[in-house]
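[1] How does the following fold in three dimensions:
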Amino acid sequence: MIPKFPLILTLLVGAVFAWLWSTDHTFRAASVMLLLPLYLLLLGLWWALHKSGVRLKRLGLFILGVIVIGGGARLLLRYEGSADGSAMPSLGWRWQKQEVLPSLKGNAEAAPGPSATPPGAADMPRFLGAKGDGVLPDPGWQTDWKAHPPREVWRIKVGDGWAGFAVVGGRAITQEQRGTEEYVTCYDLATGKLLWSHADETRFDEPMGGIGPRSTPTVDVQENVLFSLGAKGLLNCLELSTGKVRWSKDVLKDGASTKSPEWGKSAAPLLVGEYVVCSGGDKGESLIAYRRKDGQVAWTAGEDGGSYSSPVLLTLAGREQIVNLNANSVTGHDPASGAVLWSFEWPGMFPKVGQPVQVTPERIFITSSYGLKSHLLEIKADAGGKLSATSVWESKAPRTKFSSASVFGTHAYALDEGTFCCVDLTTGERGWREGRYGFGQQIRVGEQWMLVQAEKGFVALVKASPEKLEEVSRLEALSSKTWNPPTLAGRWLLLRNDHEAVCYEVPAK
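    Down below sits the predicted model:
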């Protein structure tokens, strides 16, 4: 007969596990990491103490066992960050060597030019496309990848980091960490060969999120320069053709922040008029605008700090404005002065990463995770022209931890705690939820497609359908944890993670 305490404890813990898995609870992994050791400890203590006469001996054996197991694990195993976006730990043997890529030697004076821009390639000059809205034009590609498989053009090793690629004029620019140096690197789109590199002696290393920069560079095509934001807030203005430094600034210092956000700066710089605009640190100003030509601070705005989302330029209620997700709010700002036009309180102690997505001329969709509800916000002007924001509805779905939603008409599609889902934007109700892509990224392509970068490394082409998940094609591109956003430069698809980068040419129709 099974004793009562072990049985009750097992049933209780089993019920909690079942609930966590069935609901895809936001803190499922953290709960498992706490519950399992607690379960084993309680069972061990029950074994040691429940029988009189041998309690002292058994308690000694139990304590010795805990010391041996804990000491052995510490001696043999190495923590290697999160295995996935759920924060489940990744462990490795201590004797296994971790690959460290060599430093790069970039000569700005002798940087070679790129090969001729290949047929079918187009520019994608910043994170989530030219407008930063995650909406790309249909490149006239084949969508049946079994019948017309994409051609692998090149595959290279890259350093740590979760940046994507910006592509302009045959150049593909990203950020990566190699040892103690944070790099901006420029590769030839047609060949994958390094054209130039710029290094700064700085390193960001956070136990859960990993090593290296998180932000995708932004290219100013007209002025032939690019802007890169490092994980510790270093903003560089570099010449596009050579990587030569024009100026550098410390965003955290200029924004009066005490430190970088806990998981590193990940927001892409935004180009507006004569300014380059960046989000702030964990506290202090929410936005800092620099003059593009010399890096002088033009204005600072807000007082709620920044988030992990990137500022974006939208026209709402007939007025052009910078919309920014902050630590505890969402705000609209005048592009010329940074003045706050409207503010919506959205407090939460965990990261906000998803981009605000425009739904109508007056409405935007904001999403997050960690128990924070999504909102459909409506921005309206009163008789005097003053703007205000109100929530049309709030919903538990979707829970976008790392990615952003894609809107098609009256429906939004997003990765809801790693599973794809469809949300009715008229009601906030979640429809179908299926397709385990993990904590990856996605972009909208044309009028019916979404390109989903799965966390495990494969890429899926999904058709927008309110009725069901329609995965049309799949490409086994990468084979390890991938949190980086995909880049679709015309029919040229660039993907990367913290180990390697690969470029495909998707056949034309």
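
[2] Pull out the buried positions in the helix or strand hosting residue 167.
    Using DSSP states H and E, residue 167 sits in strand 166-168. Residues of strand 166-168 classed as buried by neighbour count (16 or more other C-beta atoms under 10 Å): 166-168. Just so you know, the C-beta spots here come from the backbone N, C-alpha and C atoms, and that holds for glycine as well.

[3] Can you lay out those residues as TSV showing pLDDT?
    Output for the buried residues of strand 166-168, formatted as TSV (pLDDT from 0 to 100):
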residue	pLDDT
166	98
167	98
168	98
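
[4] center of this structure, which residue is that?
    Central residue of the chain (C-alpha atoms, centre = their mean): residue 402, 4.4 Å from the mean position.

[5] which other residues reach the strand holding residue 167?
    Residues from elsewhere that reach strand 166-168, judged by C-beta atoms under 8 Å, 6 or more residues apart in numbering: 121-127, 172-174, 189, 216-219, 221, 226, 240, 487, 489, 492, 494.

[6] The same query, at a cut-off of 7 Å, please.
    Strand 166-168 is contacted by residues 123-126, 173, 189, 216-219, 221, 226, 240, 487, 489, 494 when judged by C-beta atoms under 7 Å, 6 or more residues apart in numbering.

[7] likewise stretch 363-375?
    In contact with stretch 363-375 (C-beta under 7 Å, 6+ apart) are residues 26, 316, 323, 325, 330, 346, 348, 350, 352, 354, 356-359, 376-378, 391-392, 394-401, 405, 407, 412, 414, 417, 425.

[8] Can you flag which of the contacts of strand 166-168 belong to strands?
    Counting by DSSP state E, these place 173, 218-219, 226, 487, 489, 494 in strands.

[9] So which of these is the closest to residue 30?
    Relative to residue 30, the closest of the ones in strands among the contacts of strand 166-168 is residue 487; by C-beta to C-beta it sits at 32.0 Å.

[10] Format the buried residues of strand 166-168 as JSON lines; extra columns: distance to residue 193.
    Listed next are those as JSON lines, based on distance: C-beta to C-beta, whole Å:
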{"residue": "166", "distance to residue 193": "17"}
{"residue": "167", "distance to residue 193": "15"}
{"residue": "168", "distance to residue 193": "17"}
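
[11] of all those residues, which comes closest to residue 183?
    Taking C-beta to C-beta as the measure, residue 183 lies nearest residue 166 of those, at 14.4 Å.

[12] For the closest one, which residues count as its bridge partners?
    Residues in a beta bridge with residue 166, per DSSP bridges, are residue 173.

[13] next one: residue 188
    Bridge pairing for residue 188 - DSSP bridges - gives residue 171.

[14] ok so, going back, quick one: buried ones out of the contacts of strand 166-168?
    Neighbour counting by 16+ other C-beta under 10 Å classes 123-126, 173, 189, 216-219, 226, 240, 487, 489, 494 among those as buried.

[15] re earlier: just give me the closest of the contacts of strand 166-168 to residue 16.
    So of those, ranked by how close each gets to residue 16 (C-beta to C-beta), first place is residue 216, at 39.2 Å.

[16] For the closest one, give me its contacts.
    126-127, 163-164, 166, 268, 485.

[17] mind giving me JSON lines with these and columns for distance to residue 72?
    Output for these, formatted as JSON lines (distance: C-beta to C-beta, whole Å):
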{"residue": "126", "distance to residue 72": "49"}
{"residue": "127", "distance to residue 72": "44"}
{"residue": "163", "distance to residue 72": "38"}
{"residue": "164", "distance to residue 72": "40"}
{"residue": "166", "distance to residue 72": "47"}
{"residue": "268", "distance to residue 72": "44"}
{"residue": "485", "distance to residue 72": "40"}
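
[18] from these, which would you call buried?
    Among these, the ones that count as buried by 16+ other C-beta under 10 Å are 126-127, 163-164, 166, 268, 485.

[19] and the two most separated of those residues?
    Spanning the widest gap among the buried ones among the contacts of residue 216 are 126 and 163, at 11.6 Å by C-beta to C-beta.

[20] thinking again about what came up before, out of the contacts of stretch 363-375, name the ones that lie in helices.
    In helices, judged by DSSP state H, none of those are found.

[21] out of these, which are buried?
    Here, 16+ other C-beta under 10 Å leaves 26, 316, 323, 325, 330, 346, 352, 354, 356-359, 376-378, 391-392, 395, 397-401, 405, 407, 412, 414, 417, 425 buried among the contacts of stretch 363-375.

[22] how far away is the residue nearest to the centre of the chain from residue 460?
    Going from residue 402 to residue 460 by C-beta to C-beta, to the nearest Å gives 16 Å.

[23] cool, and residue 123?
    Using C-beta to C-beta, residue 123 is found at 24 Å from residue 460.

[24] what are the ranges of the helices in the protein?
    Using DSSP H, helices in the chain cover 4-23, 28-49, 55-76, 251-254.

[25] got a list of contacts for the shortest one?
    When contacts are taken as C-beta under 7 Å, 6+ apart, the neighbours of helix 251-254 outside the stretch itself are 229, 233, 235, 259-260, 278, 281, 288, 297.

[26] Who are the contact partners of the closest residue to residue 209 other than its chain neighbours?
    Nearest residue to residue 209, sequence neighbours excluded (C-beta to C-beta, 6 or more residues apart in numbering): residue 263, at 4.7 Å. Contact analysis of residue 263 by C-beta under 7 Å, 6+ apart lists 206, 209, 308, 351.

[27] Tell me how far residue 263 lies from residue 246.
    Separation of residue 263 from residue 246 (C-beta to C-beta): 29 Å.

[28] for residue 220, same thing?
    Distance from residue 220 to residue 246, by C-beta to C-beta: 11 Å.

[29] and if you look at residue 449?
    Here the criterion is C-beta to C-beta. By it, residue 449 lies 38 Å from residue 246.

[30] the more surrounded of these two?
    Remark: of residue 449 and residue 246, residue 449 carries more neighbours, 21 against 16, as counted by other C-beta atoms under 10 Å.

[31] Any regions of the stretch 151-300 of the chain where pLDDT drops low?
    258 (pLDDT under 70).

[32] burial count for the closest residue to residue 217 other than its chain neighbours?
    Leaving aside its sequence neighbours, residue 217 sits nearest to residue 228 (C-beta to C-beta, 6+ apart; 4.4 Å). Residue 228 is flanked by 29 other residues according to other C-beta under 10 Å.

[33] OK, contacts around residue 354?
    Applying C-beta under 7 Å, 6+ apart to residue 354 gives the contacts 309, 367-368, 400, 403-405.

[34] show me where pLDDT drops low in the stretch 1-150 of the chain?
    Scanning the stretch 1-150 of the chain for pLDDT under 70 picks out 1-2.

[35] make it 90
    1-10, 13-14, 16-37, 39, 44, 48, 50-53, 55-56, 78-102, 105-111 (pLDDT under 90).

[36] Against residue 5, how distant is the residue located most distally from the centre of the chain?
    Distance from the C-alpha centroid of the chain peaks at residue 53, with 57.3 Å (C-alpha atoms, centre = their mean). Distance, residue 53 to residue 5, by C-beta to C-beta: 18 Å.

[37] Check residue 293 too.
    For residue 293 relative to residue 5 (C-beta to C-beta), the value is 72 Å.

[38] likewise residue 254?
    From residue 254 to residue 5 the distance is 59 Å (C-beta to C-beta).

[39] What of residue 151?
    62 Å.

[40] Leaving out chain neighbours, which residue sits closest to residue 210?
    Nearest to residue 210 is residue 81, by C-beta to C-beta, 6+ apart, at 4.7 Å.

[41] My read is that that neighbour contacts residue 92, right?
    No: with contact defined as C-beta atoms under 7 Å, residue 81 does not reach residue 92; the gap is 10.0 Å.

[42] more neighbours, these two?
    residue 81 (17 against 12).

[43] In contact with the more buried one, which residues?
    When contacts are counted by C-beta under 7 Å, 6+ apart, residue 81 touches 90, 207-208, 210.
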